[in-house]
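**Student:** Next comes the sequence, and after it the predicted model I'd like to discuss.
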Amino acid sequence: MAAGPAKAVVLDEPTINGLAVYRYSWTDSKGLKRTVSFKKEGAGNTGHGGFIVRSTFQYVASGVTTTVTANSSSANEGFGYFVSHERYRKFSDGASATIAGKIFKKDDSPLGRGFTASTYVFPTPANRGAIRFRVNYPRYGTVNAAGYNANTGEDSPPLGTNPAIYKLYTLPVTVYWYFADGADYPRVVTKVDMAEVPGPDRVSFDLRGPYGKLDFDAGSNPIKFAFWGDRYRFASITTPLTRNATWTWNQTNTGARYTALVAGAHEMGLVEPAPLAASKINDGYSVARGKTSQTYNGGGGCTDAGIPQLLPCDWEWPYQSAQYELPQDDSNAPTTSEKIAWGSTSLYGMSLTATYDGTRSVPFTGFPASKLLTYHVCLVFGRTQSGGLARAVADAGGTYNCSDTKTQ
């Protein structure tokens, strides 16, 4: 396909790393080229498609333009698909487990890249691009509404163990990607459709898409830092990142939500393009929120990890990130695995009007009248900077240097 005019979003369909892809190319705010390549569903590819297998950006230093390439580790790995975890439920036999795991011996959080993805490429003007992927995501729940005790965080009464009282619901999940000339970052819009669920208090789950891995530092550097922002800013301090890294999570976040990892000189992260007060996401519970590694559990670190660690317990991180990639048998060992994802409370699907994050109660709509959950994030990929690139984008506001959702 011939190159498009200057300052255009160009779609072509090459083969990259042996995979047939949709590749979007555009010019960013500095006049430099960026690309994102999505694996196609079918087209001779093994497995399924609908997620990024390569992304590039350019930077200029001392008059020299350098292209940085982030690749997936394999044909069936990449970034940008949907994942959700069921909430752990309280059962009448005393067990605490997911419905999928306990009752049906199934994975409670299947990877969205394991399902057939239908694709639609939007016709757009030269300065825009948009593509949509849709999968049918399975979610176990109860046939009838189940009670919930907000004070204990448990089902009340506990759930029975007869499989007949449960149902496997299908939740169509649609992920839209938008690109705009002059904007550095693509926008990702995720829509989770609960139309098949009769009403609230049947399913209960979190939102972890977009999810996955790209080798964003174009090498094998260990993760240097983890950053995120919900109501407070988190920053790891000692480097590289290990389970015994010191950290702070007590500075008020005055910008948007974000999460990011740094490896080598590069950073990959997600930013919700809205002020925190307008966020569409509620956090899960964490006793570490608002604390530091010196004040969290009296400086003793996570109290329920398999091995001692200073970091907050893995389940307390508001966004899935490097916590599950760090070695389980050595608290002082780093990781080179660059997984990143979004995150939320596991109470979506419930009728609660507020959730408690460990420090305060926050208004909540877990089962909207439309039965449609919608949220936006922007994919930030670039050279890191002091304090974090994603944090700087989250603090800047305005357009967040991110594409809008226009297709005309």
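**Tutor:** Looks like it arrived, so ask away.

**Student:** which residues of the stretch 1-150 of the chain fall in helices?
**Tutor:** For the stretch 1-150 of the chain, applying DSSP state H, counting those that start in this stretch gives helices covering 99-104.

**Student:** hmm, I was thinking of the stretch 201-350 of the chain
**Tutor:** With helices called from DSSP H, counting those that start in this stretch, the stretch 201-350 of the chain shows none.

**Student:** Mind listing residues that contact stretch 374-381?
**Tutor:** With contact meaning Cβ atoms under 8 Å, 6 or more residues apart in numbering, stretch 374-381 is reached by 36, 55, 57, 70, 80, 184-192, 207, 210, 216, 258, 260, 266-274, 280-281, 342, 389-390, 393, 400, 402-403, 405. All C-beta spots, glycine's among them, are computed from the backbone N, C-alpha and C.

**Student:** what about dumping the CA coordinates of it to CSV?
**Tutor:** Output of stretch 374-381 as CSV, limited to C-alpha atoms (Å, rounded to 0.1, in the frame of the first residue of the first chain):
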residue,chain,number,x,y,z
THR,A,374,-17.7,1.5,29.6
TYR,A,375,-14.3,2.9,30.4
HIS,A,376,-11.4,4.6,28.6
VAL,A,377,-7.7,4.4,28.9
CYS,A,378,-4.8,5.7,26.8
LEU,A,379,-1.7,3.6,26.0
VAL,A,380,1.5,5.5,26.9
PHE,A,381,4.7,4.2,25.4
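
**Student:** ok, back up a step: report the buried members of the contacts of stretch 374-381.
**Tutor:** For those, a burial check counting by 16 or more other Cβ atoms under 10 Å picks out 36, 55, 57, 70, 80, 184-192, 207, 210, 216, 258, 260, 266-274, 280-281, 342, 389-390, 393, 400, 402-403.

**Student:** Just those residues: which are in strands?
**Tutor:** Residues of the buried ones among the contacts of stretch 374-381 located in strands (DSSP state E): 36, 55, 57, 70, 80, 187-192, 258, 260, 266-271.

**Student:** how near is the residue nearest to Lys213 when sequence neighbours are not counted to Arg187?
**Tutor:** Residue nearest to Lys213 in three dimensions, not counting chain neighbours: Lys339, with 4.8 Å by Cβ to Cβ, 6 or more residues apart in numbering. Separation of Lys339 from Arg187 (Cβ to Cβ, to the nearest Å): 21 Å.

**Student:** now do Ser62
**Tutor:** Ser62 sits 32 Å away from Arg187, going by Cβ to Cβ.

**Student:** likewise Thr345?
**Tutor:** 23 Å.

**Student:** so what's Asp108 up against?
**Tutor:** Applying Cβ under 8 Å, 6+ apart to Asp108 gives the contacts 85-86, 98-101, 140.

**Student:** try Asp314
**Tutor:** 302, 305, 323-324.

**Student:** What is the burial count for Thr259?
**Tutor:** For Thr259, the neighbour count with other Cβ atoms under 10 Å is 29.

**Student:** try Asp329
**Tutor:** Counted by other Cβ under 10 Å, the residues lying close to Asp329 total 7.

**Student:** Tell me the spacing between the residue nearest to it when sequence neighbours are not counted and Pro327.
**Tutor:** Nearest residue to Asp329, sequence neighbours excluded (Cβ to Cβ, 6+ apart): Ile307, at 6.8 Å. Distance of Ile307 to Pro327, computed by Cβ to Cβ: 9 Å.

**Student:** Kindly report the same for Ala260.
**Tutor:** From Ala260 across to Pro327, the span is 21 Å (Cβ to Cβ).

**Student:** how about Asp395, secondary structure?
**Tutor:** Following DSSP: H, G, I helix; E, B strand; the rest coil, the label given to Asp395 is helix.

**Student:** Show the contacting residues for it.
**Tutor:** 254-256.

**Student:** hmm, back to that, dump the contacts of Asp108 to a markdown table, plus distance to Asp230 and pLDDT.
**Tutor:** Shown next, in a markdown table, are those (distance: Cβ to Cβ, whole Å; pLDDT from 0 to 100):
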| residue | distance to Asp230 | pLDDT |
| --- | --- | --- |
| His85 | 18 | 98 |
| Glu86 | 22 | 98 |
| Thr98 | 24 | 98 |
| Ile99 | 27 | 98 |
| Ala100 | 27 | 98 |
| Gly101 | 28 | 98 |
| Tyr140 | 28 | 98 |
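
**Student:** Which of these sits closest to Arg360?
**Tutor:** Using Cβ to Cβ, His85 comes nearest to Arg360 of these, at 23.5 Å.

**Student:** rewinding a little: any idea which of the contacts of Asp108 has the most stuff around it?
**Tutor:** Neighbour max across the contacts of Asp108 (other Cβ under 10 Å) = Ile99, 26 neighbours.

**Student:** Contact partners for that one?
**Tutor:** Residues counted as contacts of Ile99 (Cβ under 8 Å, 6+ apart) are 86, 89, 108, 140-142, 159, 166.
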